[in-house]
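Asks: Take this sequence and fold it.
(chains A and B, ligands or ions: 2)
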Amino acid sequence: MLSFIVSRAARAAITILLVVAFAFVVMRLSGDPALLILSVDAPPEAIEAFRKAWGLDRPIWEQFLTFATRALAGDFGRSMRDGRPALALVLERVPATLAITLPALALKLALGIPAGIFAALNRNSWADRAAMMASVAGFTMPSFVLALLLVLVFAVQLGWLPASGSDTPLHAVLPILTLGTAGAAIMARFTRSAMLEVLGQPYIRAASAKGLGWWLVVLRHALPNAAIPTVTIIGFMVGSLVAGAVIVESVFAWPGIGRLLVSSVANRDLAVVQSLLMVIAGWMVLANLAVDLAYGWLDPRVRTITSRAD
Amino acid sequence: MPPETPLLALEGLTVDFDAGGRVARAVDGVDLAVGRGDAVGLVGESGSGKSVTWLAALGLLPSRARVAGRARLDGEDLVAAPRRRLEAIRGRRIAMIFQDPASSLNPVHRIGRQVEEAIRLHRGADDGAARAEAMRLLDQVGIADPRRRLDDYPHQLSGGMNQRVMIAIALAGRPDLLIADEPTTALDATIQAQILRLLGDLRRATGMAMVLISHDLGVVSENVDRVCVMYAGRVVEEAPADALFAQPRHPYTQGLLAALPSLTGPRQRLAAIPGTVPEPWNLPAGCSFAPRCPAAAAECLRTRTPGLALTPEHAVTCTRVLALRGSVWDRRQVAA
Ligand SMILES: Nc1ncnc2c1ncn2[C@@H]1O[C@H](COP(=O)(O)OP(=O)(O)OP(=O)(O)O)[C@@H](O)[C@H]1O
Ligand SMILES: [Mg+2]
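Replies: Ligands and ions are numbered 1, 2, ... in the order given. This next block holds a predicted model:
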């Protein structure tokens, strides 16, 4: 178990390092922050001074080494816009993002899993077909289209909800619905196919042959097995919670880290982008780790393989 | 006068699968009776409908399957029985074990939990009693150190052990009839013999009846009193095991026996009869074996053959049987 944790932690650290290094290089090659922040017609001396002040005149590898050594000491640089510590800037946006993505996740699971189970148990019925059609519509539609549709209906036509902003809890409703319905569609599809796969297994027929009632067969024998593949997609959803909010936060002017990512990339606010990606990558790595632990918990075959490996 | 009602009687059992427009007839009017304590063998090639016959009797087929005819348990028709009634019969009156023991057990539950589930279901035992009974059952099916095995998961046991667990689960309801659907096909030869011996011992000890399904005539002949031979969804010959071997009357049965190298030699799958099994969505109007039969006459192709009782115990569906002497396959070889 210890070697498992150590190797996972090492892999996690390498993943995060690669993401941050990649962002570091790409951001520096793809535009000059000095020109963006000071404007193009600033005097050359001012631009020169700005670049010197932020270390941008050094070779990239040297800049990265400086960044990395400071990061190890907990200093992730400062925003070029307002000079505040980049990490703090990112972290103070996290609650806003969670305020829409966590309810959205709950919506995805609460809607998608029962719908998928129901569809699988009533395979080829009209209800199954309707659920699957809705789910195709749900996940082929780009989220900004869905967002605009919801705005059109609930904000413009009905006038029940505000179209954008973040002043009241009501402002969160449309972003949550946008994220939640699309995710629920994906969840329903995955749950349905996981259930169908399991329902075709010999142990389901054997459980019926024992004399168990159909509901007990489903509850005790089908669901625990169908949960195993479903965990993968749940982990993926949790992992992409933060990154997945970029478009929706932009459309609804929601002040989360998705919108911060868009504006800081546009401004080449280097330290902020790096911190953001570090936080996003770290979150994904954690979600993956949680998935692996859940596998071990749900599937005894995985459990004995890992314990034997030790 | 008919003797006492058999434990289970299949009467004209027919199963159709609706497969995208065309209808596949997997079981085509099977008549078969199993008496109390009987050991009946059911042989036939892969796809001949052996499994579907019994799944249909127990109501275990997907809803896509259309079942007609009757399966009478002590006179009560199971085909028409409501779901709840079937659930009360499964496991308690009729238990079934399957070909692939490893995948017939739920991979995420411990062995003990799966055995105890059946015990609690059929005997309403409390937890402690169920556990003790589970241990006794595992011991009865020849599993060493049952206390430890209860805490194992199926993937930690061998195929033979898993089949023993399946048998223990089947015994939990003290059934009157055990359907063993190719219980040893997935196991290697020595384990196969052990499991068959175990089934025979249990049958004698408990007095339950058994249907042993197999594509291996050798396996069947050594373990049952009476054999039914199935071909393309129909029972073509039914006879006491020794009579079937000494004097097979249906050309298909004769072909099966001719394909066996020898009773003592290595076993092999039924094969070696020229031609192919008819497709289930396109069964012939007459005898389903006629297209492959060297002795077929014109009328064999046209009209469905009725069953013919050669003796009270030996029945065959072949109109040519009285005109034939010896094996149709020997004569053909002589002629060639
Ligand atoms: N669920 C199903 N849907 C459609 N067709 C099926 C289904 N189950 C079985 N069949 C068909 O029914 C026929 C009989 O199958 P069955 O499983 O009873 O054969 P079997 O004699 O048990 O063969 P085996 O020795 O391979 O187990 C086959 O043609 C098979 O394709
Ligand atoms: Mg079969």
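Asks: Kindly report the residues of the stretch 51-200 of chain B close to chain A.
Replies: B:55, B:58, B:60, B:83-84, B:87-92, B:95-96, B:98, B:100, B:103-110, B:117-118, B:121-122, B:153, B:155-156, B:166, B:169, B:172-173 (Cβ under 8 Å from any Cβ of the partner chain). Quick note: C-beta positions are derived from backbone N, CA and C, even for glycine.
Asks: burial count for residue 73?
Replies: Looking at chain A here, since you left the chain open. For residue A:73, the neighbour count with other Cβ atoms under 10 Å in any protein chain shown is 7.
Asks: that's the wrong chain, I wanted chain B
Replies: Residues lying near residue B:73 (other Cβ under 10 Å) number 21.
Asks: for residue A:13, same thing?
Replies: Residue A:13, neighbours per other Cβ under 10 Å, totals 12.
Asks: if we can go back for a sec, can you tell me which of the residues of the stretch 51-200 of chain B next to chain A end up in strands?
Replies: B:95, B:96 (DSSP state E).
Asks: Mind giving me the PyMOL select for the residues of the stretch 51-200 of chain B next to chain A, buried ones only?
Replies: Buried subset of those, written as a PyMOL selection, criterion 16 or more other Cβ atoms under 10 Å in any protein chain shown:
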select buried, chain B and resi 55+58+60+87+89+90+91+92+95+96+98+100+103+104+105+106+107+108+109+110+117+118+121+122+153+166+169+172+173
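Asks: Please flag which of the residues of the stretch 51-200 of chain B next to chain A sit within helices.
Replies: B:55, B:83-84, B:87-89, B:103-104, B:117-118, B:121-122, B:166, B:169, B:172 (DSSP state H).
Asks: ok, so of these, who is nearest residue B:64?
Replies: Nearest to residue B:64, judged by Cβ to Cβ, of those is residue B:55 at 12.4 Å.
Asks: which residues touch the closest one?
Replies: A:205, B:61 (Cβ atoms under 8 Å, 6 or more residues apart in numbering or on different chains).
Asks: With residue B:231 as the reference, measure out to it.
Replies: Using Cβ to Cβ, to the nearest Å, residue B:55 is found at 19 Å from residue B:231.
Asks: One more: residue B:170?
Replies: To residue B:231, residue B:170 is 28 Å away according to Cβ to Cβ.
Asks: swap in residue B:123?
Replies: 40 Å.
Asks: For whatever residue of the stretch 51-200 of chain B ends up closest to chain A, give me phi and psi.
Replies: Ranking the residues of the stretch 51-200 of chain B by distance to chain A (Cβ to the nearest Cβ) places residue B:91 first, at 3.1 Å. Residue B:91 adopts backbone torsions of phi 80, psi -40, taken as degrees, to the nearest 10.
Asks: where in the stretch 151-300 of chain B is pLDDT low?
Replies: B:259-272 (pLDDT under 70).
Asks: and the helix or strand encompassing residue B:213, what other elements does it pack with?
Replies: Per DSSP states H and E: residue B:213 is located in strand B:209-214. Packing partners of strand B:209-214 (3 or more Cβ pairs under 8 Å, 6 or more residues apart in numbering or on different chains; DSSP states H and E): strand B:39-43, helix B:50-57, strand B:177-181, helix B:189-206, helix B:217-223.
Asks: The third one vs strand B:209-214, what angle?
Replies: Angular relation of strand B:177-181 and strand B:209-214 on a 0 to 180 degree scale: 10 degrees, by axes from the mean of the first three to the mean of the last three Cα atoms, to 10 degrees.
Asks: do the same with the second one
Replies: Angle, helix B:50-57 to strand B:209-214, by the same axes, to 10 degrees: 140 degrees.
Asks: Was I right to think residue B:57 contacts residue B:10?
Replies: Yes: when contacts are counted by Cβ atoms under 8 Å, residue B:57 is listed as touching residue B:10 (6.5 Å).
Asks: Which of the two has more residues huddled nearby?
Replies: residue B:57 (31 against 25).
Asks: Can you name the residues that contact the more buried one?
Replies: Contacts for residue B:57 (Cβ under 8 Å, 6+ apart) come out as B:8, B:10, B:13, B:71, B:78, B:79, B:94.
Asks: sorry, back to before: partner strands of the strand holding residue B:213, parallel or antiparallel?
Replies: Using DSSP bridges, the strands paired with strand B:209-214 are strand B:39-43 (parallel), strand B:177-181 (parallel).
Asks: Identify the residues contacting the closest residue in space to residue B:314 that isn't next to it in sequence.
Replies: Leaving aside its chain neighbours, residue B:314 sits nearest to residue B:239 (4.3 Å; criterion: Cβ to Cβ, 6 or more residues apart in numbering or on different chains). Residues in contact with residue B:239 (Cβ under 8 Å, 6+ apart) are B:226, B:227, B:248, B:249, B:313, B:314, B:315, B:316.
Asks: where does the closest residue to residue A:24 other than its chain neighbours fall, phi/psi-wise?
Replies: Closest residue to residue A:24 apart from its sequence neighbours, by Cβ to Cβ, 6+ apart: residue A:64 at 5.6 Å. With angles defined as degrees, to the nearest 10, residue A:64 sits at phi -70, psi -40.
Asks: can you pull the contacts of residue A:64?
Replies: Taking Cβ under 8 Å, 6+ apart, one finds A:21, A:24, A:25 in contact with residue A:64.
Asks: about what we covered before: export the strands paired with strand B:209-214 to CSV and tack on mean neighbour count?
Replies: Formatted as CSV, the strands paired with strand B:209-214 follow (neighbours: other Cβ atoms under 10 Å in any protein chain shown):
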stretch, mean neighbour count
strand B:39-43, 26
strand B:177-181, 25
